[in-house]
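**Student:** need coordinates for the following:
(one chain, ligands or ions: 2)
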Amino acid sequence: MHSPNLAALRRPRLEAAIVDLDGTMVDTLGDFEVALNRMLRELALPAITRDVIGTMVGKGSEHLIRSVLRRVREERDADGALFDQAWQRYVHHYLAINGQHAPIYAGVVEGLAALRARGLRLACLTNKPIAFARPLLAAKGLDGYFEHLFGGEAFERKKPDPLPLLKTCEALGSAPARTLMVGDSSNDAQAARAAGCPVVLVSYGYNHGHPVCEVDADGFVDSLAELDGLLGSG
Ligand SMILES: O=C(O)COP(=O)(O)O
Ligand SMILES: [Mg+2]
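**Tutor:** Ligands and ions are numbered 1, 2, ... in the order given. Prediction:
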């Protein structure tokens, strides 16, 4: 991994942080695997593996369903009726198991507590539907750290577009240059770069099947507990 760009992370002084959910705070692959395979079984389609799912996560659930259907149907796109049926069954199964196969990553609670102790305001910004994200954060006891939670349909466009980050900065009342983005994928980093936010990525999440260290970011951490040290005392 490259050495961190401490100048971008420490000056100007940060006022807020925006934290991604899947692959950054919660390891949701197990939930995706169970809900998607229940959906596929009902549609009489072949199962999909966890590893393949990991390359498809990050651009929201609609994109995930379309990618999964295309893969198991040998690259044929789903028509509207199949997609609608798949979507309805997926939402049903995901809501039924949300959080049950999805542990919090080590260091998340310490990391969030340290950011709050520095006086930073926090928002969670995910491409996940809000109907999944809100109960998941609550079930994991993470909701209390955040002043705002925005899901994938909150704004006109999702990450990697900068719009959701700019809108979240507005809600937090902090300028993009003073708002740290913390994520796990090129999605988060591209959105942050375009919005003008400094960005740190975790090394352990889902980066569309590519090594995360190749992504343009200001720093990388193996645990959110390392963030406090990276941001320094100044
Ligand atoms: O559900 C997804 O596509 C991933 O959401 P994320 O933005 O929290 O990584
Ligand atoms: Mg993510």
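
**Student:** helix, strand, or coil at the residue of the chain positioned farthest from its centre?
**Tutor:** Residue distances from the centre of the chain (CA atoms, centre = their mean) peak at residue 44, which lies 30.0 Å from the mean C-alpha position. With DSSP: H, G, I helix; E, B strand; the rest coil as the basis, residue 44 sits in coil.

**Student:** residue 188 versus residue 10, what's the distance?
**Tutor:** For residue 10, the distance to residue 188 (CB to CB, to the nearest Å) stands at 20 Å. No exception for glycine: its C-beta is placed from N, CA and C like everyone else's.

**Student:** for those two, indicate the residue with more neighbours.
**Tutor:** Under the neighbour definition other CB atoms under 10 Å, residue 10 and residue 188 were set side by side, and residue 188 has more, 33 against 16.

**Student:** quick check, pLDDT for the closest residue to the more buried one other than its chain neighbours.
**Tutor:** Nearest residue to residue 188 in three dimensions, chain neighbours excluded: residue 20, at 5.2 Å (CB to CB, 6 or more residues apart in numbering). At residue 20, the model reports a pLDDT of 98.

**Student:** how about residue 37?
**Tutor:** Reported pLDDT for residue 37: 98.

**Student:** wouldn't it be in contact with residue 45 here?
**Tutor:** No - under the criterion of CB atoms under 8 Å, residue 37 is not in contact with residue 45, lying 9.7 Å apart.

**Student:** count the residues that sit near residue 68.
**Tutor:** Using other CB under 10 Å, residue 68 is surrounded by 23 other residues.

**Student:** give the buried residues for the host helix or strand of it.
**Tutor:** Using DSSP states H and E, residue 68 sits in helix 61-72. For helix 61-72, a neighbour-count test (16 or more other CB atoms under 10 Å) marks 61, 62, 64, 65, 66, 67, 68, 69, 71, 72 as buried.

**Student:** make TSV out of the residues you listed and add distance to ligand 2.
**Tutor:** Shown next, in TSV, are those (distance: CB to the ion, whole Å):
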residue	distance to ligand 2
61	13
62	16
64	12
65	17
66	18
67	15
68	17
69	21
71	20
72	23
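
**Student:** reformat those as a markdown table; add pLDDT.
**Tutor:** Below are the buried residues of helix 61-72 laid out as a markdown table (pLDDT from 0 to 100):
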| residue | pLDDT |
| --- | --- |
| 61 | 95 |
| 62 | 94 |
| 64 | 97 |
| 65 | 97 |
| 66 | 96 |
| 67 | 97 |
| 68 | 97 |
| 69 | 97 |
| 71 | 96 |
| 72 | 96 |
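
**Student:** quick check: mean pLDDT across whatever helix or strand comes next after the helix holding residue 68?
**Tutor:** Tracing the chain C-terminally past helix 61-72 and defining elements by DSSP H and E, one meets helix 80-97 next. Helix 80-97 carries an average pLDDT of 97.

**Student:** what angle separates helix 80-97 from helix 61-72?
**Tutor:** Counting by axes from the mean of the first three to the mean of the last three CA atoms, to 10 degrees, helix 80-97 lies at 110 degrees to helix 61-72.

**Student:** for the protein, which residue gets nearest to ligand 2?
**Tutor:** residue 23 (3.8 Å; CB to the ion).

**Student:** elements contacting the helix or strand bottoming out on mean pLDDT in the chain?
**Tutor:** The helix or strand of the chain with the poorest confidence is helix 6-10; it has a mean of 87 (mean pLDDT, DSSP states H and E). Judged by 3 or more CB pairs under 8 Å, 6 or more residues apart in numbering; DSSP states H and E, helix 6-10 is in contact with helix 227-231.
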